[in-house]
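Participant: Take this sequence and fold it.
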Amino acid sequence: MVLIEDIIQAVLTVLYLPGFQNSRSFSKRSWPDVVRAIRTHHLLSPADALTKVQLHAEAACLQNEQTLAEALRLVAANSAITAVSPHYPKRWLSVLGAGAPPALWSAGQPFSQPTISIVGGRSVSAHDSAFSRDVSSEVVRLGYAVCSGGAKGCDNAAEVGALSSDGKVLRIVPHGLGSSSDSSGAWVLSACHPEASFSAAAAMHRNLLIYAASDAAVVCRARFKEGGTWAGATEALRRRCTKVIVQDDESSLAHRSLRSLGAVSLSSPSDLALCLQNPGVQAALFALG
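Facilitator: Residues are numbered from 1 along each chain as shown. Presented below is the predicted three-dimensional model:
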């Protein structure tokens, strides 16, 4: 017997998973309406349930039983993760609401452990790499998994630190997963078409997902008004989607500026627990926004 939650996951996969069999593009912000319709009219077929709430185009895409069956197979294999999956990052639902991605491609072993994000530049010093690794090890010691963007530099160092400490890693990438199932020990999520290459737009969306997924985000290295790390951190502070913690470095204008915008300063990885308890101070610029 197929459970209603499995049916909902299959429907979200058919309608919203990038590059799945359906070639039509629907507004992703409608996914809560889709979920409510199927739960409310659970005695009807998914197509009839969506027709009841005037989602006629979406309903038409659910007529093919083979398509739904393939979606169910992806969900069962954890190759597709949806907004009603038990492993879906729950903070996305509370922070992003209807803007949370309804369906993503997945590789590796899912988990439900809360995460701390660790971000930073690609070209960094040995000190910054070591700082990322040590922060990551402390994250694991405190009982969290690490959320990473999977890039070179700080991201990669953080993943190494977590995995070498027997911790878990959630990697959110700004490109497609392709046909590769090699996750290098991490659970990998992608909101892109499987064959999509890296793009700046996808990277910006990925950055938001990284910050919104975690109880806090540690910025190990940023450049003032340059690059994705700076853009992601300032956007996270503006939107107040998580606590932002920045490596204490008085020589860095970027790090001093992030603190002035509300980020909490981290002098040593061993102080991370204290930083997580620090409520921080939101800058007037963002508080008035």
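
Participant: Residues in contact with stretch 77-87: which ones?
Facilitator: 5, 8-9, 12-13, 16-17, 20, 31, 35, 71, 74-75, 88, 92-93, 100-107, 109-112, 189 (Cβ atoms under 8 Å, 6 or more residues apart in numbering). C-beta: built from backbone N, CA, C; applies to glycine.

Participant: among these, which are in strands?
Facilitator: Of the positions in the contacts of stretch 77-87, Ala103, Leu104, Trp105, Ser106, Ala107, Leu189 sit in strands, assigned by DSSP state E.

Participant: which one of the residues you listed has the most neighbours?
Facilitator: Ala103 (29 neighbours; other Cβ atoms under 10 Å).

Participant: For beta bridges, what are the partners of that one?
Facilitator: Thr82 (DSSP bridges).

Participant: Can you read off the pLDDT for it?
Facilitator: What the model reports as pLDDT for Ala103 is 97.

Participant: Also Arg24?
Facilitator: Looking at Arg24, its pLDDT stands at 72.

Participant: Spit out the contact partners of it.
Facilitator: For Arg24, the contacting residues are Ala57, Cys61, by Cβ under 8 Å, 6+ apart.

Participant: Use 353 as the first number from now on
Facilitator: Done: numbering now begins at 353, and the last item shifts to Arg376.

Participant: Now do the SS call for it.
Facilitator: coil (DSSP: H, G, I helix; E, B strand; the rest coil).

Participant: Kindly confirm my reading that Ser603 forms part of a helix.
Facilitator: No. Per three-state DSSP, Ser603 lies outside any helix segment and is coil.

Participant: count of residues packed around it?
Facilitator: Using other Cβ under 10 Å: Ser603 sits among 6 other residues.

Participant: Show the pLDDT at the nearest residue to Tyr496 once chain neighbours are set aside.
Facilitator: Distances taken as Cβ to Cβ, 6 or more residues apart in numbering place Ile468 nearest to Tyr496, at 4.6 Å, with adjacent residues excluded. Ile468 carries a pLDDT score of 98 in this model.

Participant: And Ile468, its phi and psi?
Facilitator: Torsion angles at Ile468 (phi, psi; degrees, to the nearest 10) stand at phi -120, psi 130.

Participant: What of the one 4 residues further on?
Facilitator: Its backbone dihedrals place Gly472 at phi 170, psi 180, with angles given as degrees, to the nearest 10.
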